[in-house]
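Asker: for reference, the sequence and a predicted model appear below.
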Amino acid sequence: MERVIGIDLGTTNSCVAVMENGSPTVIPNRGGYKTTPSMMAITEAGKKLVGHIAKRQAITNAENTVFAAKRLIGRKFSSPQVKNAIATSAYRIVEGPHGDVRIQLRGKTFGVAEISAMILQEMKVIAEDYLGGTVQKAVITVPAYFNDNQRQATKDAGAIAGLDVIRIINEPTAAALAYGFGKDLERTVAVYDLGGGTFDISILEIGAHGVFRVVATAGDTFLGGEDFDARVIDWLVEGFQQEHGIDLRQDRMALQRLKDAAEKAKCELSATRETEINLPFIISSGRNEALHLQRVISRETLEALCSDLVERTVDIVRQTLEDAQLGKEDIEEVILVGGMTRMPRIQESVSEFFGREPCKGVHPDEVVALGAAIQGSALMDTKTEMVLLDVTPHTLGILTQGGNFRGIIPQNTTVPTSRSEIFTTSRDNQTAVKILVMQGEHEKGDQNELLGEFVLTGLRKAPKGQVEIDVNFEINADGIVSVSAKDMETGQQQAIQVTASSGLTQQELKQMIDAAQGEMLERRASEDTEATKQEAQRLIAEIDRLFPQVEQIVASSDFGRDATEKARGILSKARAAVQSGNTAQIKEHLDALGRTARMFRGVVQKTP
Amino acid sequence: MTDSFDQSSVPKLAPGCDLTKLPIGAREGFVLSRIDGATSVGSIAALCGFPGDEIARIFTRLVELRAAYFGAEPPPQPRAEPVRPEPPRATPPARPTRERRWSAADLDEPADLDRALKIRVLDLHGWLEEIDHYELLGVARDVDRKAIKSAYYALAATFHTDRHFGKSLGSFKAKMEAIFGRLTVAHDTLANKTRRAEYDAYVADRDRTRAFERYLAGEDPYEGHGVALEAEAAMADAQVAPAVEPVTQQEPASEPAPAAPGEATPAAPASRGSDDAAAQRLRRELLARRPVGPTTVSRVRAAAPITPPPPPAEQAQAAADALRRRYETGKEMARRTVARRLTDAAEAALTKDDVLSAANNLRLALSYDETPELRSRYEEVNQRARDLMAHTYLKQARYEEQAGKWDAAAMNYAKAHEGRPDDANICERAANALRMAGRDMHKAARFAELAVQKSPSAADFRVTLAAVYLDAGLFLRARSELEQAAKIDPNNNTIKDLLARARKMAS
């Protein structure tokens, strides 16, 4: 059976897991960490960095370090969320050719999916190193409230990273899978997922036969840990402004330092009552004098700064339960997911709302990746008795007269499903209708996401309202939406498979995939070069170290002098090869170096 | 018709025939109860007092059903085993076997599924639109929410295509997705209290209207069969009870039931756990009452048990006459008793608001005792039943209308109209549903015309009629209707718009 990895592509951190001997396991990265920062950067030398290494240089290279790309993926440049991100990001966000979002780093423009792809590729490499073989198939998680464009963009990112994304599943659903898998439970659970960038709430029923049924899901794609950080940054910036009359926001490097400090303080306050934020030499004043930022923040202050954010999540939870016609008492378990749920105030609010303590058995940072790995394994191996009955998170429908949105498949409908509705023409003698497929909850069409469009032509000329068109929506198990429209009179039909748009054309996507593949080969090659070089250097150093000793021991014999002379020759050639940086050449000398080193070692050991 | 059967020929009961399973009515049952292997057709006809052609029809039917036969050789029974095990009727009910709507070619389509699952998919998919939610989930109608959920989970785990991810399923994929979609609708409906109540009401209405349709067709939908058989048994009791000639009554009791080798003794179905007590009782009566026939017949049979020669015609005639005289006297009383029982059952049903069952029983009662009082009571209850059904059809139609099932809604509005022919609203709704279903515009026009005729001052109805006319291309008529409507409701913009359009089209 082919291996499938599960990737939790988070806003701030990502995590990869795989099924091993029937149980899901998180794979640590090279540094031994189970999560990897979802950050990438380009150095002055033009080198791409991903993960911890990108995070470490973020302060000194703020303008070329991308964080939280997930908040931008699949969005339109004109959306308020992107405007918001532009204001708070040190890196440059520009408009792409299709109204999409692009990021400029050191003069080069990247699609958001391309940035995410680099993180996915890193996760793929982590898994491959661990498993000792290539990995192609993956299940990737997204916030439940992602729309189809955002999901498609995530899929594209997977493709660019060289992954076959067999399924996109929702993060809270994945968490529930990890919680309930193989436990033979029958209960209704709520998953409260507050991550770095998004908030999700999902209600699931876990039933017999390994069935996980999503009952309802809702959330906010722009409410997460980053917003808590932003509140702390604002507090710091305002305080500084009052004290020194300087707006720290104007300095990108200062902003990045503030961001780091705010996040660190927020995390610390989950464990301690108060902590100090100390940023020396944050900025220089007009009089060429360095200014320092030093403040103490208490847990109460943080809670006061963020109380409305916590309240917002609870409101969404309340609404979701109401929509699902469920009472708090129907929830038999509450699962907390996402790093933000470590905040005591959040745990208190959730316990208070549900009237029960949340489940302690799951690790909020790892549970999502584990669930993704479970789903991947269940899909590939029919022996795994588990089936996930997912829902469509947004209402799907079409645009009707007056710019109104008419929903056809309501949100939280279990997929696969199909629905149809009859529409009529809206103008006299109308011979064609344009079907605009949209997704969203707003009654005005322009407030929702446009997923695709097509035209049904050849209608009979008739007064408005007389020609009837049967519009059918279908969502299959893979989440692919097909829409067809049929003229009821003539039976004429038009259909499209709605491919949500990630903001990239097929051609752009292909180019990106090719480029990424090329880079990957280069990277593997350069890793190989690096390893060879290091090996050669290690051997050269060893021989150098032993040389005087050996020379002394063997100097008495001609044979010995010959040997040391030969060794000298080998060393100088090897040094030249290492200097040239040519892997093949270095490899040629590795054998000779190895032999010499072994011989030297032998000589030294044998001599008392 | 009588001459198709020789009056002197003697019908016999076919061995191995399960009498309780026969699809026959009360009158056939009564005739069947007179067959004893000795009494001739003529005698039975005389004895029952049914018209000759009806007797012939009944015998034809009984022979067709292989319940009775003439001549020496009993016909082979259609079923090899005389006792057929009944599928268990306990909850959950066994899925009724339905005919297959697929061919071997469908099954042969290559797909990465095992054969049994393929068959299940094809079976279910063929009936997907017709079976109700309970049947689909394979649960009884009274099960709780939990049972519905676990049925859904089990079926979802079977039919969800993710269980066969990455395999080639061909056209089975779409079929399984359709089945899953239907399962979900069933679950979502039945797991929700309010929606389940609505659906249950709909299903109950549908069952009732279906039964009513059978009732209208003269069938006996309400287990009235049982009541009728009960009544038959009562009739037999009544026949004895009048005590016209007490002597004859003792005869059957004193004479043991003959067990001649030629005697047709139905296989004892004792092992069958039938709940049809009335039918059992009839069977018992058939066996026990066989000697009730004229003593002469008994004697003849005793003399020649294997193949009784036909009794001399005059002797039989005399015996039959004697019996008939005696029987006639009691018959009136007996019939009245049966009719009374049926009437009582009807009144009892009425107290339980079971109007349909009441009407059914009264109709049966009428066939036994045609009195003016009974007739008028029947007419009254029958009208109530029709009213009720009109109401039920109406509810159904509204449910279907909301679900966008215009075809079904149109049909049920039409039926509601039959029950309440004077209701203009129903006519209008029927017209609209027909128009929406895009079926029969003539019929739609007739309904809409009727609605307008009944309520000439309702502008809405005229708009519907005009819309039908417009759809049917009758622009002049549409215009004139809309002009009338505009007179009634001059400020209505919809009417103005439509009228402008109709004028344009008409010109």
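Answerer: Looks like it arrived, so ask away. Residues are numbered from 1 along each chain as shown, chains lettered A, B, ... in the order given.
Asker: show residues contacting stretch A:272-282.
Answerer: A:236, A:240, A:248, A:254, A:257-258, A:261-262, A:265, A:268-269, A:290-299 (Cβ atoms under 8 Å, 6 or more residues apart in numbering or on different chains). For glycine as for every other residue, the C-beta is placed from the backbone atoms N, C-alpha and C.
Asker: which of these fall in helices?
Answerer: Among the contacts of stretch A:272-282, DSSP state H puts A:236, A:240, A:254, A:257, A:258, A:261, A:262, A:265, A:268, A:299 in helices.
Asker: one step back: near chain B, list only the ones from the contacts of stretch A:272-282.
Answerer: Filtering the contacts of stretch A:272-282 for proximity to chain B by Cβ under 8 Å from any Cβ of the partner chain leaves nothing.
Asker: re earlier: among the ones in helices among the contacts of stretch A:272-282, which two are most distant?
Answerer: A:254 and A:299 (25.2 Å; Cβ to Cβ).
Asker: between the two, which one's more packed in?
Answerer: Set residue A:254 next to residue A:299 and count neighbours by other Cβ atoms under 10 Å in any protein chain shown: residue A:254 wins out with 24 against 19.
Asker: so who does the more buried one touch?
Answerer: A:248, A:282, A:283.
Asker: save these as a markdown table, and put in neighbour count and pLDDT too.
Answerer: Converted to a markdown table, the contacts of residue A:254 look like this (neighbours: other Cβ atoms under 10 Å in any protein chain shown; pLDDT from 0 to 100):
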| residue | neighbour count | pLDDT |
| --- | --- | --- |
| A:248 | 23 | 89 |
| A:282 | 22 | 86 |
| A:283 | 19 | 84 |
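Asker: out of those, who's nearest chain B?
Answerer: Set against chain B, the nearest of the contacts of residue A:254 by Cβ to the nearest Cβ is residue A:248 (51.2 Å).
Asker: which residues does the closest one contact?
Answerer: Counting by Cβ under 8 Å, 6+ apart, residue A:248 has contacts A:236, A:237, A:240, A:241, A:254, A:255, A:258, A:282, A:283, A:293.
Asker: show me which of those are buried.
Answerer: Neighbour counting by 16 or more other Cβ atoms under 10 Å in any protein chain shown classes A:236, A:237, A:240, A:254, A:255, A:258, A:282, A:283, A:293 among these as buried.
Asker: torsion angles phi and psi at residue A:136?
Answerer: phi -120, psi -40 (degrees, to the nearest 10).
Asker: nearest residue to it in space, please, no chain neighbours.
Answerer: residue A:164 (5.1 Å; Cβ to Cβ, 6 or more residues apart in numbering or on different chains).
Asker: now swap in residue B:198 and tell me
Answerer: residue B:399 (7.3 Å).
Asker: count the residues that sit near that neighbour.
Answerer: For residue B:399, the tally of surrounding residues (other Cβ under 10 Å) stands at 19.
Asker: helix or strand for it, just tell me which one.
Answerer: In this assignment (DSSP states H and E), residue B:399 forms part of helix B:372-402.
Asker: from the chain's centroid, how far away is that helix?
Answerer: Centre-to-centre, helix B:372-402 and its host chain are 17 Å apart (Cα atoms, centre = their mean, to the nearest Å).
Asker: and it, what does it pack onto?
Answerer: helix B:193-216, helix B:313-351, helix B:355-368, helix B:406-419, helix B:424-437 (3 or more Cβ pairs under 8 Å, 6 or more residues apart in numbering or on different chains; DSSP states H and E).
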